[in-house]
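**Q** Sharing a model that was predicted from the sequence below.
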Amino acid sequence: MRKRKVKIINICGNIFSILTVLSFLFITVCIFTGTDMYSVATDSMSPTMKTGDVIMIRSVKTEDIEAGDIITVDFSDRTGSFTHRVTKVDTKNGWVYTKGDANVSEDPFPTDLAYVKGRVVFIIPALGFFSLAIGRKILLTVLASSAIILLIVRTVLESVARIKDKTKG
Amino acid sequence: MRLRNKKWLILIVSVMFTLTISYFAVLSPTTAWFYTQSNKGYTFIFGDVDVDLPVSETVPVTVRLKAATRCADFGEENFDAAVYVAEIEAINTGTAAARVWFDPSLPDGKTKDGLYFFATCHKEGETNLPSIKEELEDMLTKKLTEKNVTPVDFNDEDYLTYEENVIKITGIAENYGIMEEYMNNAYVIVPPQSTSILRIAFWVEYNATINNQNVGNQFEINGTDTSLNIKEFNNLGIKILLTATQDGEGITKPTTAPQP
């Protein structure tokens, strides 16, 4: 019975390790190929994309943008971005008109083509809920604090162990 | 597998796992305008912004206006009857500030000559809030009588007042087209968890409407100092288009009109 439990644990551990390594490699490839990822925060593009999905975007030349493409655009003050479908490209004036799939009408105003970050190439469902729920700043604070605390605890435990060894010796 | 190698493997996988989870956890969000449209008003949802803009009249608005002289009747009954006031509440129940753009227009085929607008915006709960007609009369008294009752040049910056989170369009336009262009660029900011009250008054100027194709029923009132022909405009069909966006430069409005 015990051997069986150990076997199951080993199998689960191996599966977890393989998935972790594959995910890590996937992210590494994305970073090196210039593929950005964003979590979708609103439902304006449903059913194509829903809140909580992750989108992968790649940069695109303005002359290659066509009606029907889904693009991610920076806010002009760079405080965020939005993702909508292209309805029309006005290359003469440098504007792109967009519309959310779930919206009745086009977006109120067009956007400068210079602010287009890229075109959506892939959508991963539900992977973005974690980042949306926690919030970036909070998570970074928690991670940094946890790392510092673990480091301190480990240092203290190692010091205690060394002292014990010396005492025994 | 040797115990030492296994420990190293666990360590490497743990680091990979932490980095992977951290990467997905700190993804930047991408948001977008999300708005719906209905005859009862407009509901806009953007991220955490949720703005309800109930419009008391359905689109198109059926308005019966009595034509009035330019400012001869302010404070008197004839002018009061001539002014139609649309009061709109913009309620932001979200956690981010919103901008509400307002854009009045007429259906195709209707002339715009002689149609005037005056708009203000206040925060809900402001004390001693004047009625829009009081504000309108105040504006007319100050501006038009100063100018000897001649049409106001709408490009004059004196007629634009900006206060914190409030925009007041206190000028009136002789030409509806000027007002339409200006109001297309006008917005009010509605802070989160608050209500702003937009008030838009409009009326039809008497002298410019004699030959106006919108003329409907016609009445004459004699026995006053100035014998007025009171005209009614039926089914003017003024539409007030409201657009709510987040308070930011997410989508920048073109500063110049696109070339044909």
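**A** Yep, that arrived.
**Q** you'd agree residue A:122 is in a helix?
**A** No - judged by DSSP: H, G, I helix; E, B strand; the rest coil, residue A:122 forms no part of a helix; its state is strand.
**Q** Just say helix, strand or coil for the nearest residue to it once chain neighbours are set aside.
**A** Nearest non-adjacent residue to residue A:122, counting by CB to CB, 6 or more residues apart in numbering or on different chains: residue A:56, 4.3 Å away. In short, each C-beta sits where N, CA and C put it, glycine included. Following three-state DSSP, the label given to residue A:56 is strand.
**Q** Against residue B:16, how distant is residue A:56?
**A** With distances taken as CB to CB, to the nearest Å, residue A:56 is found 20 Å from residue B:16.
**Q** go on, residue A:38?
**A** From residue A:38 to residue B:16 the distance is 22 Å (CB to CB).
**Q** May I ask you to name the longest helix in chain A?
**A** Identified as the longest helix of chain A according to DSSP state H is helix A:136-168.
**Q** looking just at contacts, which helices and strands does it meet?
**A** For helix A:136-168, the elements it packs on are helix B:3-25, judged by 3 or more CB pairs under 8 Å, 6 or more residues apart in numbering or on different chains; DSSP states H and E.
**Q** Please spell out which residues along the next helix or strand along the chain from the helix it packs on are buried.
**A** Next helix or strand after helix B:3-25 toward the C-terminus (DSSP states H and E): strand B:28-30. By 16 or more other CB atoms under 10 Å in any protein chain shown, the buried positions in strand B:28-30 come out as B:29-30.
**Q** For residue A:49, see how far away the residue lying closest to residue A:36 once chain neighbours are set aside is.
**A** Nearest residue to residue A:36, sequence neighbours excluded (CB to CB, 6+ apart): residue A:57, at 5.2 Å. Distance of residue A:57 to residue A:49, given as CB to CB: 12 Å.
**Q** Quick check on these two: which one has the bigger neighbour count.
**A** Remark: of residue A:57 and residue A:49, residue A:49 carries more neighbours, 28 against 23, as counted by other CB atoms under 10 Å in any protein chain shown.
**Q** Stretch A:103-119: which residues count as buried?
**A** In stretch A:103-119, counting by 16+ other CB under 10 Å, buried: A:103, A:106-113, A:115-119.
**Q** So what's the residue count around residue A:148?
**A** Residue A:148 has 10 neighbours, counted by other CB under 10 Å.
**Q** Quick check: pLDDT value at it.
**A** As predicted, residue A:148 sits at a pLDDT of 77.
**Q** picking up where we left off before, common neighbours of residue A:57 and residue A:49, please.
**A** Listed contacts common to residue A:57 and residue A:49 are residue A:120; contacts here mean CB atoms under 8 Å, 6 or more residues apart in numbering or on different chains.
**Q** Tell me which residues touch residue B:5, please.
**A** Contacts of residue B:5 (CB under 8 Å, 6+ apart): none.
**Q** Quick one: neighbours of residue A:59, just the number.
**A** So residue A:59, with other CB under 10 Å, has 12 neighbours.
**Q** Quick check: residue B:26 touching residue A:131?
**A** Yes - with contact defined as CB atoms under 8 Å, residue B:26 reaches residue A:131; the gap is 6.2 Å.
**Q** Look at the two and report which has more neighbours.
**A** The neighbour comparison of residue B:26 against residue A:131 (other CB under 10 Å) goes to residue A:131, with 24 against 17.
**Q** and the more buried one, that one's in a helix?
**A** Yes - the assignment for residue A:131 is a helix, going by three-state DSSP.
**Q** can you pull the pLDDT of it?
**A** The model reports residue A:131 with a pLDDT of 74.
**Q** residues touching it, list them.
**A** Residues near residue A:131 by CB under 8 Å, 6+ apart: A:39, A:139, B:24-27, B:29.
**Q** in chain A, which ranges drop under the pLDDT threshold?
**A** By pLDDT under 70, the weakly predicted segments of chain A are A:76-79, A:104-105, A:108-109, A:134-140, A:169.
**Q** And the helices in it?
**A** For chain A, the helices defined by DSSP H cover A:2-32, A:129-134, A:136-168.
**Q** Just name the most buried of those.
**A** Among the helices of chain A, ranked by average contacts under mean count of other CB atoms under 10 Å in any protein chain shown, first place goes to helix A:129-134 (a mean of 16).
**Q** hang on, the earlier thing: give me the more crowded residue out of residue A:38 and residue B:16.
**A** Neighbours were counted for residue A:38 and for residue B:16 using other CB under 10 Å; residue A:38 has more, 26 against 19.
**Q** thought the more buried one was touching residue A:83?
**A** Yes - with contact defined as CB under 8 Å, residue A:38 reaches residue A:83; the gap is 7.1 Å.
**Q** Now the common contact residues for those two.
**A** Residues touching both residue A:38 and residue A:83 (CB under 8 Å, 6+ apart): A:55, A:72, B:30.
**Q** could you dump those residues to TSV with distance to residue B:7?
**A** Formatted as TSV, the shared contacts of residue A:38 and residue A:83 follow (distance: CB to CB, whole Å):
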residue	distance to residue B:7
A:55	38
A:72	42
B:30	41
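**Q** Looking at these, spot the one nearest residue A:63.
**A** The nearest member of the shared contacts of residue A:38 and residue A:83 to residue A:63, counting by CB to CB, is residue A:72 at 17.8 Å.
**Q** I'd guessed the closest one sits against residue A:58; true?
**A** No - Residue A:72 is beyond contact range of residue A:58, at 10.1 Å (criterion: CB under 8 Å).
**Q** what touches both of those two?
**A** Listed as contacting both residue A:72 and residue A:58 by CB under 8 Å, 6+ apart are A:36, A:118-119.
**Q** So which of these belong to strands?
**A** When the shared contacts of residue A:72 and residue A:58 are checked against strands (DSSP state E), the matches are A:36, A:118-119.
**Q** so which of those residues comes closest to chain B?
**A** Nearest to chain B out of these is residue A:36 (CB to the nearest CB; 8.4 Å).
**Q** partner residues bridging residue A:57?
**A** Counting by DSSP bridges, residue A:57 forms beta bridges with residue A:36, residue A:120.
**Q** That one contacts residue A:34, correct?
**A** No - checked against CB under 8 Å, the pair residue A:57 and residue A:34 is beyond contact range at 9.6 Å.
**Q** Check the nearest residue to residue A:38 once chain neighbours are set aside and give its pLDDT.
**A** Once flanking residues are discounted, residue A:38 sits nearest to residue B:30: 4.1 Å by CB to CB, 6+ apart. Model confidence at residue B:30, expressed as pLDDT, equals 78.
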